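Engineer: Just to be clear, the model below is a prediction. Sequence and coordinates:
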Amino acid sequence: MKIVIIDYGAGNIQSIKFAVKRLGYDAVLSSDAEEIRRADKVIFPGVGEASSAMKMLKSTGLDKVILTLKQPVLGICLGMQLMCTYCEEGDTDGLGIFHADVVKFNNNLKVPQIGWNKIFDLKSDLFTGISEGEFVYLVHSFYVKECEEAIASTEYGVEYTSAIQKDNFYGVQFHPEKSSDAGEKILENFLKLEIRN
Amino acid sequence: MLTKRIIPCLDIKDGRTVKGINFIDLRDAGDPVELAEIYAKSGADELVFLDISATEEKRKTLANLVRRVAEKVNIPFTVGGGISSVEDVDILLKNGADKVSVNSSAVKNPDLINKLAAKFGSQCITVAIDAKQINDEWMVHLVGGKVPTDLNLFQWAKEVENRGAGEILFTSMNNDGTKAGFANEALAVLSSTLNIPIIASGGAGNMQHFTDAFLEGKADAALAASVFHFKEIEIKDLKEELLRNGVEVRL
């Protein structure tokens, strides 16, 4: 199985590569359109700021590449947010795959949210073997609002979308690569998804 | 609900784990990677590696250690100790660190915080502050508490937040090594005046001290070293106790 992690200058992607390796697979980092298209599974990571990340994607043409992918794609953290309609951070349009907006947490909360919180209302094969209320690790200041495409929710001042799916595109706000055994299970579920055409 | 975090701290010198008693005397407590794996399995929410070596190879040794930890450990970890430039941070994050913590270099060059936050994002920039209460005033200290500055803890903490830090690791030098509890009053002031998470450090001796740091000190996370390294407190027992006391934790 060929697993590609999209490399567009986003932060800590080693951790994802190592987590995939702990599950017994190899992942390659790539910004090459052909290599990404040929992959069986694509991971779209993201740490950093939304508008500059979108600029990076556009300048390399990777924005269009992602939109045309047919294999399972997993956006992680900012990766998930960039797949949404609009990001308040840097006032930028996203890729528009998921029909939801990304907005900042209320100021009466500590921001960023850093730490372990629960996921519930789990609705996808991504969560096979994962219990309602499982803990995952999150670090973020902006969140995806509640929406139709949500496959998991989390509460931090508000209830928000912590995982999302449309067709072959998946997104998780949490870091499966840092969410202990549960995170590894979710990552493994993603890697085992059947390829759809 | 976001849970309170328990963070074992591993002091590292030349690739080995040590724990300073009041940061001066050192005792050896094992291999960092092995210890990190044990902590991850035993329910630690995060780990902090604090490098106190002062050798020329320091940067390379630390980067190698970070990589080895990232390969093995499936919970987040922060790396600190002598980090003084954007380049230092870049190397550590690229090798798999989730967050970095800066201390003295931020005091000497506050603009570094802005630069790091802009380049890497606030979420991975922790600013560590060591402070000592002298004549009723909390003053920031450097070099493991040995060198006083003229900065007030609360003013500096606010500045650090404004400059883009994602989190503050506050160590009370009055409490560190005493095993008599955290500096809960100062913690509560920090936690209620700042809008970013506060990690309590210095003074952990028993399980009640953690409960107090969360309920009285309103800390978001608590860090300790020797009570965990020498198995005086098991993390699982600690978390069960915290839950009984009404503190939300991940179990």
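Structural biologist: Yes, it's here. Model, not experiment: these values are computed from the prediction.

Engineer: what's the pLDDT at A:Lys21?
Structural biologist: Listed pLDDT for A:Lys21 reads 97.

Engineer: My guess is it contacts A:Ala27. True?
Structural biologist: Yes: assessed by Cβ atoms under 8 Å, A:Lys21 is found in contact with A:Ala27 at 7.4 Å. The way it works is simple: take the backbone N, C-alpha and C, and place the C-beta from them, glycine included.

Engineer: With neighbour numbers in mind, choose between these two.
Structural biologist: A count of neighbours by other Cβ atoms under 10 Å in any protein chain shown puts A:Ala27 above the other of A:Lys21 and A:Ala27, at 23 against 12.

Engineer: in the chain, which spans are helices?
Structural biologist: I'll assume chain A. In chain A, the helices defined using DSSP state H lie at A:14-22, A:33-38, A:50-60, A:62-67, A:78-82, A:180-191.

Engineer: ah, I was thinking of chain B
Structural biologist: Assigned by DSSP H, the helices in chain B fall at B:32-41, B:58-72, B:86-94, B:104-108, B:111-120, B:153-162, B:184-193, B:207-215, B:226-229, B:235-244.

Engineer: Rebuild those as TSV, extending it with mean neighbour count and distance to A:Phe127.
Structural biologist: Compiled in TSV, the helices of chain B are given as follows (neighbours: other Cβ atoms under 10 Å in any protein chain shown; distance: least, Cβ to Cβ, whole Å):
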stretch	mean neighbour count	distance to A:Phe127
helix B:32-41	18	22
helix B:58-72	19	25
helix B:86-94	19	29
helix B:104-108	19	40
helix B:111-120	18	30
helix B:153-162	19	36
helix B:184-193	19	34
helix B:207-215	22	30
helix B:226-229	22	32
helix B:235-244	17	24
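
Engineer: Those into TSV, with extra columns for mean pLDDT and distance to chain A?
Structural biologist: Output for the helices of chain B, formatted as TSV (pLDDT from 0 to 100; distance: least, Cβ to the nearest Cβ, whole Å):
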stretch	mean pLDDT	distance to chain A
helix B:32-41	90	7
helix B:58-72	92	5
helix B:86-94	93	5
helix B:104-108	96	18
helix B:111-120	94	6
helix B:153-162	98	10
helix B:184-193	98	8
helix B:207-215	98	12
helix B:226-229	88	17
helix B:235-244	98	11
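
Engineer: quick revisit: do you know which of the helices of chain A lies nearest B:Thr55?
Structural biologist: helix A:14-22 (24.4 Å; Cβ to Cβ).

Engineer: hmm, back to that, and of the helices of chain A, who's closest to A:His140?
Structural biologist: Among the helices of chain A, helix A:78-82 comes nearest to A:His140, with 8.0 Å by Cβ to Cβ.

Engineer: What helices and strands are in contact with the closest one?
Structural biologist: If you count contacts as 3 or more Cβ pairs under 8 Å, 6 or more residues apart in numbering or on different chains; DSSP states H and E, helix A:78-82 packs onto strand A:41-44, helix A:50-60, strand A:142-144, strand A:169-172.

Engineer: Which of the ones you listed comes out lowest on mean pLDDT?
Structural biologist: Looking at the helices and strands packed on helix A:78-82, the bottom one is helix A:50-60 with a mean of 91.

Engineer: can you list contacts of that one?
Structural biologist: By Cβ atoms under 8 Å, 6 or more residues apart in numbering or on different chains, the list of residues contacting helix A:50-60 from outside reads A:8-10, A:31, A:46, A:62-63, A:66, A:78, A:81-82, A:87, A:89-95, A:102, A:142.

Engineer: Any buried residues in it, and which?
Structural biologist: Neighbour counts over helix A:50-60 (16 or more other Cβ atoms under 10 Å in any protein chain shown) mark A:50, A:53-54, A:56-57, A:60 as buried.

Engineer: Stretch A:141-155 now?
Structural biologist: Those would be A:141-144, A:147, A:149-154, for stretch A:141-155 by 16+ other Cβ under 10 Å.

Engineer: Return the closest of those with respect to B:Pro148.
Structural biologist: Of all those, A:Ser141 has the smallest distance to B:Pro148: 34.1 Å, by Cβ to Cβ.

Engineer: From chain B, how far off is the closest one?
Structural biologist: A:Ser141 sits 7 Å away from chain B, going by Cβ to the nearest Cβ, to the nearest Å.

Engineer: show me what contacts that residue?
Structural biologist: With Cβ under 8 Å, 6+ apart, A:Ser141 has these contacts: A:89, A:104-105, A:111-113, B:122-123.

Engineer: do that again at 6 Å, thanks
Structural biologist: By Cβ atoms under 6 Å, 6 or more residues apart in numbering or on different chains, the contact list for A:Ser141 reads A:111-112.

Engineer: Please apply the same query to the one 5 residues further on.
Structural biologist: Contact criterion Cβ under 6 Å, 6+ apart gives A:Thr161 as the residues in contact with A:Glu146.

Engineer: Now do the nearest residue to B:Val89 once chain neighbours are set aside: how many residues are near it, please.
Structural biologist: Nearest-residue entry for B:Val89: B:Val100, 5.0 Å, with adjacent residues in sequence omitted and distances by Cβ to Cβ, 6 or more residues apart in numbering or on different chains. Using other Cβ under 10 Å, B:Val100 has 23 other residues around it.
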